[in-house]
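J.: For reference, the sequence and a predicted model appear below.
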Amino acid sequence: MGDYVVSARKYRPSTFASVVGQQSLTTTLKNSIATGRLAHSYLFCGPRGVGKTTCARIFAKTINCSNLTSDFEPCNECESCKAFNENRSYNIHELDAASNNSVEDIRSITDQVRIPPQIGKYSVYIIDEVHMLSSNAFNAFLKTLEEPPSYAIFILATTEKNKVLPTILSRCQVYNFQRISIKDVANQLQYIADKENVKTEIEALNVIAQKADGAMRDALSIFDQLVASTSGNVTYKNVAENLNILDYDYYFKFVNYFLEEKIPECLLAFNDILNKGFDAHIFIGGLASHLRNLMVCKEPATLELLEVGEETKNSYKTQAEKCDKDFLIKGLYLINQCDLSYAESKNKRLLIELMLIRLCQLTSEKKK
């Protein structure tokens with residue numbers, strides 16, 4: 001029990017090749033190492049959990065490696081790499097600006113910069129959540145950032161680039177990290193599941209990836225939680241139950257009711273959702289996503305925008321054939337209007353029930 005390590009730490013990438021979903025950025029960083037064109041300061045910005053700090057550490061490890069591989073990855077065998085892997089490297093200094101954001105904290109770094117590295121070529125200073133630095137701390141940092149010693153490299157990471165002073169931005173090479181696609185997150189979860197001998201369903205992994213909203217770290221935390229609660233058998237059904245997510249089947253059922261003009265069945269199904277404790281506003285968003293996915297299925301060119309498993313994709317294709325574009329467009333408009341009015345409505349249940357009734361009437365209007 002004491003040896004357990006959470007997946008986010010156990011499977012944290014240690015090479016550029018193992019970084020998920022940021023291939024263009026890692027390729028650029030490797031090329032800069034290959035050509036020796038290293039800047040003295042970098043800014044890694046993007047959403048949480050997408051690999052900013054991880055890439056900063058890999059970059060720091062790689063530029064200090066004394067025996068790079070043929071594809072410019074760290075060798076993990078030289079003294080510098082071993083020191084990094086064992087968390088005893090004196091070449092890499094990290095500061096969490098969220099809790100160390102004063103002038104004194106920055107001055108401790110500027111004092112350290114004067115000391116050249118003992119092993120390797122570079123001293124790398126990684127400042128996480130750099131936007132949290134105070135104005136005075138930013139100003140104290142400017143001179144060092146502009147004219148550091150030749151052996152010093154600064155890597156700043158932030159989730160809020162807009163809060164970083166323009167004077168800091170102008171001194172850095174800026175790398176924008178993107179949210180990781182649902183497909184890439186699901187593939188990584190499948191890889192980890194295979195390594196850990198965890199049984200999974202691809203639909204379950206897709207739901208976890210959607211819930212993580214492009215953040216690999218969040219996806220791994222959810223995955224660990226589900227593995228623990230399901231005794232290593234992660235199915236779509238138990239993922240939906242544990243994460244309190246409405247099953248796809250609910251939305252397929254509602255659209256069938258709309259097409260068949262079954263108003264009583266619609267109202268009863270919505271009542272069942274409320275009785276099970278689901279948030280009515282989340283239901284609106286889920287229904288909008290469902291109709292959007294059906295619209296995506298209408299054209300082969302947009303089918304790639306449907307980020308679900310193969311079995312669910314086939315279900316979407318089958319139902320999309322029953323729906324004409326006019327129904328889907330009008331339906332999306334009605335749901336969007338309901339979503340916009342939800343916050344101000346005094347009778348939220350009635351608002352949604354009226355929307356469901358109108359959606360059922362769209363088919364009869366088409367026949368007239």
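T.: Everything's here; your move.
J.: Counting by contacts, list what the one helix or strand residue 312 maps to packs against.
T.: In this structure, residue 312 sits in helix 310-320 according to DSSP states H and E. Contact analysis of helix 310-320 by 3 or more CB pairs under 8 Å, 6 or more residues apart in numbering; DSSP states H and E lists helix 202-212, helix 248-259, helix 280-296 as its packing neighbours. Glycine gets a C-beta too; all of them are placed from N, C-alpha and C.
J.: What residues of that helix count as buried?
T.: Neighbour counts over helix 310-320 (16 or more other CB atoms under 10 Å) mark 312, 315-316, 319-320 as buried.
J.: picking that back up, right, and the helices and strands packed on helix 310-320 - which one's nearest residue 220?
T.: helix 202-212 (8.4 Å; CB to CB).
J.: ok now that closest one, how far from the chain's centre?
T.: 12 Å (CA atoms, centre = their mean, to the nearest Å).
J.: repeat for stretch 28-48
T.: For stretch 28-48, the distance to the chain centre is 21 Å (CA atoms, centre = their mean).
J.: quick one, phi psi at residue 176?
T.: Main-chain torsions, residue 176, degrees, to the nearest 10: phi -100, psi 110.
J.: mind checking how far it is from residue 183?
T.: 20 Å (CB to CB, to the nearest Å).
J.: Name the residue in the two with the higher neighbour count.
T.: residue 183 (13 against 10; other CB atoms under 10 Å).
J.: which ones are touching the nearest residue to residue 230 once chain neighbours are set aside?
T.: Closest residue in space to residue 230, ignoring its immediate chain neighbours: residue 238 at 5.0 Å, by CB to CB, 6 or more residues apart in numbering. Counting by CB atoms under 8 Å, 6 or more residues apart in numbering, residue 238 touches 204, 226, 229-230.
J.: rewinding a little: right, so the helices and strands packed on helix 310-320: which one is the most enclosed?
T.: Among the helices and strands packed on helix 310-320, the stretch with the highest mean neighbour count (mean count of other CB atoms under 10 Å) is helix 202-212, at a mean of 22.
J.: Any chance you could list what contacts the helix or strand following that helix?
T.: Remark: after helix 202-212, the chain's next helix or strand is helix 216-229, criterion DSSP H and E. With CB under 8 Å, 6+ apart as the test, helix 216-229 has contacts from 6-8, 11, 20-21, 48-51, 180, 185, 188-189, 192-193, 196, 198, 204, 208-209, 211-212, 234, 238-239, 242-243.
J.: what does stretch 282-291 give?
T.: Here stretch 282-291 has contacts from 246, 248, 250-252, 254-255, 270, 273, 328, 331-332, 335-336, 338-339, 342, 352, 355, using CB under 8 Å, 6+ apart.
J.: for stretch 354-368, same thing?
T.: So stretch 354-368 is contacted by 254, 257-263, 266-267, 270, 284, 324, 326-327, 330-331, 334-335, 337-338 (CB under 8 Å, 6+ apart).
J.: could you redo the last one with a cut-off of 6 Å?
T.: Residues from elsewhere that reach stretch 354-368 (CB atoms under 6 Å, 6 or more residues apart in numbering): 258-259, 261, 263, 266, 327, 330-331, 334, 338.
J.: Just the residues you listed: which are in helices?
T.: Those of the contacts of stretch 354-368 mapping onto helices are 258-259, 263, 266, 327, 330-331, 334, 338, per DSSP state H.
J.: The helix with the most length in the chain vs helix 280-296, what angle?
T.: Across the chain, the longest stretch assigned as helix under DSSP H is helix 348-367. Interaxial angle, helix 348-367 versus helix 280-296 (axes from the mean of the first three to the mean of the last three CA atoms, to 10 degrees): 20 degrees.
J.: Model confidence at residue 64, what's the number?
T.: If you check residue 64, the pLDDT there is 86.
J.: Which residues are in contact with the nearest residue to it once chain neighbours are set aside?
T.: Leaving out its chain neighbours, the residue that sits closest to residue 64 by CB to CB, 6+ apart is residue 120, at 3.4 Å. Taking CB under 6 Å, 6+ apart, we find residue 120 in contact with 64, 80, 91.
J.: Recalculate using a threshold of 10 Å.
T.: 60-61, 63-66, 78-81, 83-84, 89-92, 151 (CB atoms under 10 Å, 6 or more residues apart in numbering).
J.: Strands - which of those land there?
T.: residue 92 (DSSP state E).
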